[in-house]
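Colleague: test case, fold it:
(one chain, ligands or ions: 3)
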Amino acid sequence: MGNTARHIAIIMDGNGRWANERGLKRIKGHERGAEVVRTITIHASNHPDIEVLTLYAFSTENWKRPKMEVEFLMRLLGNYLKNELPTYIKNEVRFETIGDLSRFSPALRKQIETMKQRTGHFKKLTQVLALNYGSQDEIARAARNLCETGKEIDTENLEKSLESAQFGPVDILIRTGGEQRLSNFLLWQSAYAELFFTSTLWPDFDPEELERIIEDFKKRHRRFGGI
Ligand code: IPE
Ligand code: IPE
Ligand code: MG
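Modeller: Ligands and ions are numbered 1, 2, ... in the order given. Reported below is the predicted structural model:
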């Protein structure tokens, strides 16, 4: 009994600190972080409640990082997509994205498109990678599109215009790495999300911790403004 963890969203933070603590370069933390993405995705696909897992991989603000790090993250994403297709097929995971992909290279965009096409029919889990994603950018784009249709600007129509609307409201929002902020992630869809902040750095996050969070979530009293 209790609440159902249908949609879990995670701000995967702490890769750089994980590496620094070990005297490694930041990129080693991102490499390890990508492995954790795989582990958590497989776990979520086998969980009876989870239908959607949205992962914040690259924000609209992350372009401010040193060019070397941004380029490494792009390469890492490309390699991940190249290597992990069998994992998605084996575990029946549909791959999706939110965010403005127009800033990515044509080659990377093609890889993303191929991954979506090859996994589009799977139903066990939808994994949504947030890539060049910012909630403010998403809401501005939705408002622009809605204006062009001439429809009334109300919450219902605006929500329908959001790219993330198709994946529904967030039930559990987790941020690893100890910071307690949203950093422009899913502001609209998290209106009534239950928030969990853990000091665990993303490369150390594991299915056991996810399960503890889900157990805690089940016991929370969600009122949605009622009594
Ligand atoms: C999160 O880890 C991954 C991305 C934003 C791509 P960080 O790279 O932000 O790691 P910290 O916060 O510096 O430790
Ligand atoms: C949020 O982490 C973005 C991602 C996890 C992709 P950041 O490390 O970029 O956030 P701030 O700068 O600490 O708010
Ligand atoms: Mg960070």
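
Colleague: which other residues reach stretch 93-103?
Modeller: 41, 45, 54, 58, 60, 63, 87-88, 109, 112, 115-116, 118-134, 137-138, 141, 163-164, 167 (C-beta atoms under 8 Å, 6 or more residues apart in numbering). Bear in mind the C-beta positions are built from the backbone N, C-alpha and C, glycine included.

Colleague: what do you get if the cut-off is 6 Å, keeping everything else the same?
Modeller: 45, 88, 109, 115-116, 119, 122, 125-133, 163-164 (C-beta atoms under 6 Å, 6 or more residues apart in numbering).

Colleague: likewise stretch 140-155?
Modeller: Counting by C-beta under 6 Å, 6+ apart, 157, 158, 161, 162 sit against stretch 140-155.

Colleague: now secondary structure and distance to residue 150 too, for those, in JSON lines please.
Modeller: Shown next, in JSON lines, are those (DSSP: H, G, I helix; E, B strand; the rest coil; distance: C-beta to C-beta, whole Å):
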{"residue": "157", "secondary structure": "helix", "distance to residue 150": "11"}
{"residue": "158", "secondary structure": "helix", "distance to residue 150": "14"}
{"residue": "161", "secondary structure": "helix", "distance to residue 150": "13"}
{"residue": "162", "secondary structure": "coil", "distance to residue 150": "18"}
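
Colleague: which SSE is the residue in the chain that ligand 1 sits nearest to in?
Modeller: Closest residue of the chain to ligand 1, C-beta to the nearest ligand atom: residue 16 (2.9 Å). Assigned by DSSP states H and E, residue 16 belongs to helix 15-21.

Colleague: with residue 97 instead?
Modeller: Going by DSSP H and E, residue 97 is in strand 93-98.

Colleague: quick one, what contacts the residue of the chain closest to ligand 1?
Modeller: Residue 16 touches 26, 29, counting by C-beta under 6 Å, 6+ apart.

Colleague: can you tell me how far it is from residue 53?
Modeller: To residue 53, residue 16 is 23 Å away according to C-beta to C-beta, to the nearest Å.

Colleague: just the buried members of the contacts of stretch 140-155?
Modeller: 158, 161, 162 (16 or more other C-beta atoms under 10 Å).

Colleague: distance to ligand 2 added to the residues you listed, as JSON lines?
Modeller: Converted to JSON lines, those look like this (distance: C-beta to the nearest ligand atom, whole Å):
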{"residue": "158", "distance to ligand 2": "24"}
{"residue": "161", "distance to ligand 2": "24"}
{"residue": "162", "distance to ligand 2": "19"}
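
Colleague: now do the phi/psi pair for residue 223.
Modeller: Residue 223 adopts backbone torsions of phi -110, psi -20, taken as degrees, to the nearest 10.

Colleague: again with residue 135
Modeller: Dihedral angles (degrees, to the nearest 10) for residue 135: phi -60, psi -40.

Colleague: centroid residue for this protein?
Modeller: Centroid-nearest residue in the chain: residue 55, 1.7 Å away (criterion: C-alpha atoms, centre = their mean).

Colleague: centre of the chain versus the helix holding residue 16, how much separation?
Modeller: Offset of helix 15-21 from its chain centre (C-alpha atoms, centre = their mean, to the nearest Å): 20 Å.
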